[in-house]
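> Got a predicted structure here, sequence first:
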Amino acid sequence: MKANPAANAAVLTATAIGKRFPGVVALSDVDLTLAAGEVHALVGENGAGKSTLIKVLTGVYTPDSGTLTYRDSVVSFARPSDAQQAGISTVYQEVNLVPLQSVASNLFLGREPRGRFGLIDFRAMNTAARELLDSYGLRVDVTRPLRTLGMGVQQMVAVARAAATSARVVILDEPTSSLEPREVDTLFGIIERLRADRVAVLYVSHRLDELYRICDRVTVLRDGRLVHSGPMADLPRLRLVAMMLGRDLEEVRREGATKFDGERTAEDTEPVLVATGLTSKHRLDGVDVTVRPGEIVGLGGLLGAGRSETAMAIAGALPLDSGAVTVGGKRLRTGSVAVAMRAGVVLLPEDRKADGILPDLSVRENIVLAALPRLSRAGVVSRRRQDAIVATFMKRLRIKASSQYQRVGDLSGGNQQKVLLARLLCMQPKVLLLDEPTRGIDVGAKAEVQSLVDELAAEGLGVVLISSEFDEVVEGADSIVVLREGRVVTELHGADVNEAALLDALAEAGERE
Amino acid sequence: MKERSPSGLTSAEAARGRSGRREDGESATERSERSTLLRDNGVYAAIVVLLVYNFGFTENFATLANLNTQLVQVAPVLIVALGMALVIGTEGVDLSVGSVMAIAAAILPLYLGYGLVPAIGLALVAGLLCGAVNGTLVAVVGIQPIVATLALLVGGRGLALVLADGQLKDIRNQELLDLGAGKALGIPYVVLIAAVLAVLVFLLVRYTTFGRQLVAVGGNRSASALAGLPVRRVLMTTYLLSGVLAAIAGVVATARLTASDPSAIGNLFELSAITAVVVGGTPLSGGRVRILGTVAGALLMQLITATLIKHNLPDSTAQIVQAAIIVLAVYLQRSRSGGGS
């Protein structure tokens, strides 16, 4: 079924690519070879450098070092259009076509068939579009505006367009993230055809099943470096996941059992939070999470598994199609942050800058933001009560600011995070949902935040912890709910909460179905 | 009178706090500090300079009568600008205010027969309704404020003309005329109304839950939503306030003019109000509302016009100078986002 990539000539070769941004090395000495007629998987977690590499290949970024060889000559693309012209097409996660134009217009955008007087020959264009889509098994009215079609079909049109522009290389960035299973099959049909046409396909995805189903070879990146490159079939799932996460498999196996932290046993108490059947189209599919007072429940999973979505759903920040959230025995109306907050469920969002801080306001204003109605009488904020809260939490969380009136945007990441925690804690929560609480903060603040979370749990708070840092989840959590593609695949309890078990769960999650 | 930023700091304190944490790029920090000072207090300085100049060199400027005239002239713009400052603080804009003024003006003569209070009451209700339309389009439907309020800018004026049969109507109601021309303690009622409203809106922004939430929603809507703030309610309330303040301005303008002229009242007021707000240091990007600055911005624009006219320069010159001031104010705000964070 699969072509033999070894016999194929390289179409696009990237050699020793380096790219730095102020303060970060995004890529360092990365090699990638795409051969004609192969489907090549590119995998890695957040910050691994996948996007940067794609942008280098497509002319969005110019690499600081290294060379690109395309069809036997060294090239340097100054603009994305240069790469496109040369035959390197990219389909991004977010479809970047013109939503109000017809399907046919989108397919032939920029290369419309011309008739007399140089005008666009719409009839010829529509016929050609219909033939093209038919050949991929897509039955769509090509005169309809693209926008009126489902995301899946739009994605397919984007791929068809990429394939139709006599591309030699097609880059697909998370093409299936918004597709139904049936649509995935259609897409894979198209990819098979591209392979038969000897096009090189670079396939970026976190869905292990898909990678093993469609890809011939795989390249793994981590922290901007090349970790592994080789045939897909020769790489066991467990090793692939271990490489993505940067864990040494042997070491994990050996030390796994000793990481067990069984101090807290809260099995016998009544749960403070019970979330059941959380479902939201394309994101969550029947997720259950139970948290007892004093318990830290980790959410495990690879990027895009639905961890953040689960936390947001519980916090009322993600509209749900179905599912129930019960706090302290009382069922909440879902989909309202205010309702969840009043019941004592608060969320520390993943993206501190975009969804957390108000950078131009002071530490003080940021801390009391959510609690304002509680600190007010007849709509007027009480200065005294505000003072008391701000003083308490700045001291307790050791927030380092020149004063409570300092702009939050001028604080360090760690202190910003503490300000956000203070905002949540002054709501006197029962359940704390922490999405990447230590991302992007310095080592000292990290340790402080971690021990604070432990302390809060010891005081009886229920905590849900999401972290892309492996040991943080394993050491912090008392149990782990492992997610994959918006579904719970397994739960780890007690002695099972160790790195080896979690790696196994992540790797094998797909094979159980 | 020293205005504090929403955080409660004076700008000088803020600048000091900032520079204390920055080791690198001294000159850049100093430059941004200077421009912060200029941005936050430039409008006050400009007023002082113009006042000193006029007191010294302009004939018949330093008379009570003239000062009253200037204040009376600026009052309607100022009242509209108060509401505009709130809307701009939410990262929005309300282009419909001039047309809402016209609607209020058109309603007055229709109901003055029932007395002054019912007539003004209905005019204000009309303002609230207009605000509700804007608020619904922005907060519930999710249309961009500039487009949503543009609809009422166009349609509102038309509605006002329909209400008034397209005619200018002289006001004969003595109470309303008194409101426009009368004085208390030597200060025109019109000026007192504007002053009281300015104080109320200032307190609203500074000390109430709504005011703090408004600034938060304008500063980072997604963070505000995730913090459980009633984002829609805050936006809706903001547009309601802008609508009712515009209606008050329409009543005041009508009383001053001694006529209801729906084709002229409030014309281009949306632009004058935005100018006052921006010159007063409220950034168009939201998250900050400077009410005293807005008052000063309105006064400054009035002063510039008055100064030039009293020195026999044509109105067109005043417009060119005002344009220059606007560009300067926006430039100073840009330098904040560039060097500030």
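That came through fine.

> drop to CA atoms for contacts and neighbour counts, all remaining ones
Noted.

> Could you say which helix or strand holds the residue nearest the centre of chain B?
The residue lying closest to the centre of chain B (CA atoms, centre = their mean) is B:A81, at 0.9 Å. Using DSSP states H and E, the element containing B:A81 is helix B:64-89.

> roughly how far out does that helix sit from the chain middle?
In terms of CA atoms, centre = their mean, to the nearest Å, the centre of helix B:64-89 is set 7 Å apart from its chain centre.

> Also stretch A:435-442?
On CA atoms, centre = their mean, the centre of stretch A:435-442 falls 15 Å from the chain's centre.

> If you count neighbours, what's buried in that stretch?
A:435-439, A:441 (16 or more other CA atoms under 10 Å in any protein chain shown).

> any chance of those residues in CSV, plus pLDDT?
Shown next, in CSV, are the buried residues of stretch A:435-442 (pLDDT from 0 to 100):
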residue, pLDDT
A:D435, 92
A:E436, 89
A:P437, 90
A:T438, 86
A:R439, 81
A:I441, 78
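
> The helix holding B:A81 and chain A, are they touching?
No - judged by CA under 8 Å from any CA of the partner chain, helix B:64-89 stays clear of chain A, getting no closer than 12.4 Å.

> buried set for the helix or strand just after that helix?
The first helix or strand that comes after helix B:64-89 along the chain, using DSSP H and E, is helix B:97-111. Using 16+ other CA under 10 Å as the test for burial, helix B:97-111 gives B:97-109, B:111.

> Which residues belonging to stretch A:33-53 are considered buried?
Under 16+ other CA under 10 Å, the buried positions of stretch A:33-53 are A:33-45, A:48-50, A:52-53.

> cool, stretch A:499-506 as well?
So for stretch A:499-506, counting by 16+ other CA under 10 Å, buried means A:499-503, A:505-506.

> and which of the buried residues of helix B:97-111 is nearest to chain A?
B:V97 (26.6 Å; CA to the nearest CA).

> Would you mind writing the CA trace of stretch A:68-81 as CSV?
Output in CSV follows, covering the C-alpha atoms of stretch A:68-81 (Å, rounded to 0.1, in the frame of the first residue of the first chain):
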residue,chain,number,x,y,z
LEU,A,68,17.3,24.8,1.5
THR,A,69,17.7,22.6,-1.5
TYR,A,70,14.7,22.3,-3.8
ARG,A,71,14.8,20.1,-6.9
ASP,A,72,18.6,19.9,-6.9
SER,A,73,19.4,23.6,-6.5
VAL,A,74,20.0,25.7,-3.5
VAL,A,75,17.1,28.2,-3.0
SER,A,76,16.2,31.0,-0.8
PHE,A,77,12.6,32.2,-0.7
ALA,A,78,12.2,35.8,0.0
ARG,A,79,8.4,35.7,0.2
PRO,A,80,5.7,33.1,0.6
SER,A,81,4.6,33.7,-2.9
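
> Residues contacting that stretch, please?
Here stretch A:68-81 makes contact (CA atoms under 8 Å, 6 or more residues apart in numbering or on different chains) with A:10-15, A:57-60, A:62, A:67, A:83.

> Can you list the buried residues in it?
A:68-70, A:76-77, A:80.

> any idea of the mean pLDDT in it?
Over the span of stretch A:68-81, the pLDDT mean works out to 88.

> Then stretch A:319-339?
91.

> Name the surrounding residues that touch that stretch.
Contacts of stretch A:319-339 (CA under 8 Å, 6+ apart): A:271-281, A:286, A:313-318, A:340, A:343-345, B:225-230.

> same deal with stretch A:101-111?
By CA under 8 Å, 6+ apart, stretch A:101-111 touches A:97-98, A:112, A:125-126, A:129-130, A:141-147, A:157-158, A:160-161.

> near chain B, from these?
Okay, of those, nothing touches chain B (CA under 8 Å from any CA).

> Could you tell me which of these count as buried?
Using 16+ other CA under 10 Å, the buried ones in the contacts of stretch A:101-111 are A:97, A:112, A:125-126, A:129-130, A:141-143, A:145-147, A:157-158, A:160-161.

> between those, which is nearest B:V52?
Ranked by distance to B:V52 (CA to CA), the buried ones among the contacts of stretch A:101-111 are led by A:L97 at 60.0 Å.

> ok, that closest one to chain B distance?
23 Å (CA to the nearest CA, to the nearest Å).

> That residue: what secondary structure?
Counting by DSSP: H, G, I helix; E, B strand; the rest coil, the backbone at A:L97 sits in coil.

> now B:G281
At B:G281 the chain is in coil, as set by three-state DSSP.

> So the nearest residue to A:L53 once chain neighbours are set aside, which state does it fall into?
What sits nearest to A:L53 in space, not counting adjacent residues and going by CA to CA, 6 or more residues apart in numbering or on different chains, is A:L27, at 7.3 Å. Under three-state DSSP, the three-state class of A:L27 is strand.

> Can you get me a residue count around A:L27?
Burial of A:L27 is recorded as 28 neighbouring residues (other CA atoms under 10 Å in any protein chain shown).

> ok, so what distance separates it from A:R247?
20 Å (CA to CA, to the nearest Å).

> ok, A:V463 touching A:V431?
Yes - at 5.7 Å, A:V463 counts as touching A:V431 under the criterion of CA atoms under 8 Å.

> Figure out how far stretch A:118-135 is from the centre of its chain.
Between the centre of stretch A:118-135 and the centre of its chain there are 37 Å (CA atoms, centre = their mean).

> quick one, phi psi at A:D360?
Here is the backbone geometry of A:D360 (degrees, to the nearest 10): phi -80, psi -10.

> Closest to chain B out of the buried residues of stretch A:68-81?
Closest to chain B, out of all of those and judged by CA to the nearest CA, is A:P80, at 28.0 Å.

> so what's the closest one closest to, chain neighbours aside?
The nearest residue in space to A:P80 (CA to CA, 6+ apart) is A:G59, at 4.5 Å.

> the helices in chain B, which residues?
For chain B, the helices defined by DSSP state H cover B:11-21, B:26-57, B:64-89, B:97-111, B:116-135, B:145-163, B:174-181, B:189-207, B:209-219, B:221-226, B:231-257, B:269-279, B:291-310, B:315-339.

> which stretch in those helices has the least confidence?
Per-stretch mean pLDDT for the helices of chain B is lowest at helix B:11-21 (a mean of 39).

> still on that earlier bit, so what's the residue nearest to the centre of chain B closest to, chain neighbours aside?
Closest residue to B:A81 apart from its sequence neighbours, by CA to CA, 6+ apart: B:A273 at 4.3 Å.

> I'd say that neighbour and B:A75 touch.
No - counting by CA under 8 Å, B:A273 does not reach B:A75; the two are 11.1 Å apart.

> Got the domain ranges for chain A?
By the assignment in automatic domain parsing, chain A contains the domains A:9-87+A:167-248, A:95-166, A:271-512.

> Could you identify which of those domains has the lowest mean pLDDT?
domain A:95-166 (a mean of 81).

> What parts of chain A come near chain B?
Neighbours of chain B within chain A, by CA under 8 Å from any CA: A:317, A:336-338, A:341, A:347, A:349, A:354-362, A:364-365, A:369-370, A:372-373, A:376, A:379-381, A:402, A:405-407, A:409-410.
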